[in-house]
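>>> here's my sequence, what's the structure:
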Amino acid sequence: MQKKNSSYLTLKEYKSLFDKLYTSLCLFSNKYIEDIEVSKDIVQDIFVKIWEHKILFKDKNNIKSYLYTSVRNKSLDYLKSKRYKNTSHLSTKELEHIETETFFLREVVVSESSIIIENAINTLPGKCAQIIRMSIKELSNAEIANELSLSINTIKAQKKIAYKRLKPILKEYYFLIAFIFIE
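Model (predicted):
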């Protein structure tokens, strides 16, 4: 990745990148590994490598792509390791499937869409955001109302407010988000 006109990440940029992407990269790795603790280790190893080896980036816009590709490769390496093979029964067919570019791209889109949706939800008032998050987890209006000690009508009204506020924010991401549900 070293090229002329490249630059190192400053400590501030590095911390910002870590804070922004760590969780989504862990969840992304977990799509391969299905062990969140190992996924966290993988992502941490990659961030440590970037910092310790002072990896240069020609274009800082490519860092995210580099991170997703690195997480995928390190996750696949883990799945192919003797340690993993001795404790798991992942079939050759399953491994071939998760090695495909299609699987990789779909999971990147899912991870990125999750970030976009979460950022949009964070713009909502507290209770409204909480209700939407519970709704995304497929809780019914009655279950949400019961858990939050609110009326069903309040839940419906809060959801209506949330959808009204989220629609213009998420409008430009419609096709990206729709892609997830079509697959």
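>>> only alpha carbons, please: show the host helix or strand of residue 42 as CSV.
Per DSSP states H and E: residue 42 is located in helix 36-52. Output of helix 36-52 as CSV, limited to C-alpha atoms (Å, rounded to 0.1, in the frame of the first residue of the first chain):
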residue,chain,number,x,y,z
ILE,A,36,-17.8,-12.4,18.5
GLU,A,37,-14.7,-12.7,20.8
VAL,A,38,-12.5,-14.0,18.0
SER,A,39,-14.0,-11.4,15.7
LYS,A,40,-13.0,-8.6,18.1
ASP,A,41,-9.5,-10.0,18.3
ILE,A,42,-9.3,-10.0,14.5
VAL,A,43,-10.4,-6.4,14.2
GLN,A,44,-8.1,-5.3,17.0
ASP,A,45,-5.1,-7.1,15.3
ILE,A,46,-5.8,-5.2,12.1
PHE,A,47,-6.0,-1.8,13.8
VAL,A,48,-2.8,-2.6,15.7
LYS,A,49,-1.0,-3.6,12.5
ILE,A,50,-2.1,-0.3,10.8
TRP,A,51,-0.7,1.7,13.8
GLU,A,52,2.4,-0.2,14.5
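>>> who does it touch, helix- and strand-wise?
Using 3 or more C-beta pairs under 8 Å, 6 or more residues apart in numbering; DSSP states H and E as the contact test, the elements touching helix 36-52 are helix 11-33, helix 63-80. (Glycine included, C-beta is placed from N, CA and C.)
>>> out of those helices, which is closest to residue 50?
Evaluated over the helices and strands packed on helix 36-52, closeness to residue 50 peaks at helix 11-33, with 7.3 Å, by C-beta to C-beta.
>>> what is the mean pLDDT for that closest one?
Averaging pLDDT along helix 11-33 gives 88.
>>> so that it lines up with my notes, have the first residue be 381 from now on.
Yes, from this point I'll number from 381; that puts the last item at helix 391-413.
>>> how far off centre is it?
8 Å (C-alpha atoms, centre = their mean, to the nearest Å).
>>> which parts of that helix are buried?
Applying a neighbour-count criterion of 16 or more other C-beta atoms under 10 Å, one finds 397-398, 401, 404-413 buried in helix 391-413.
>>> would you reformat those as CSV and include distance to residue 506?
Shown next, in CSV, are the buried residues of helix 391-413 (distance: C-beta to C-beta, whole Å):
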residue, distance to residue 506
397, 28
398, 26
401, 25
404, 23
405, 27
406, 25
407, 24
408, 28
409, 31
410, 28
411, 30
412, 34
413, 34
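>>> picking up where we left off before, of the helices and strands packed on helix 416-432, which is nearest residue 505?
Across the helices and strands packed on helix 416-432, residue 505 has its closest neighbour in helix 391-413 (22.9 Å, C-beta to C-beta).
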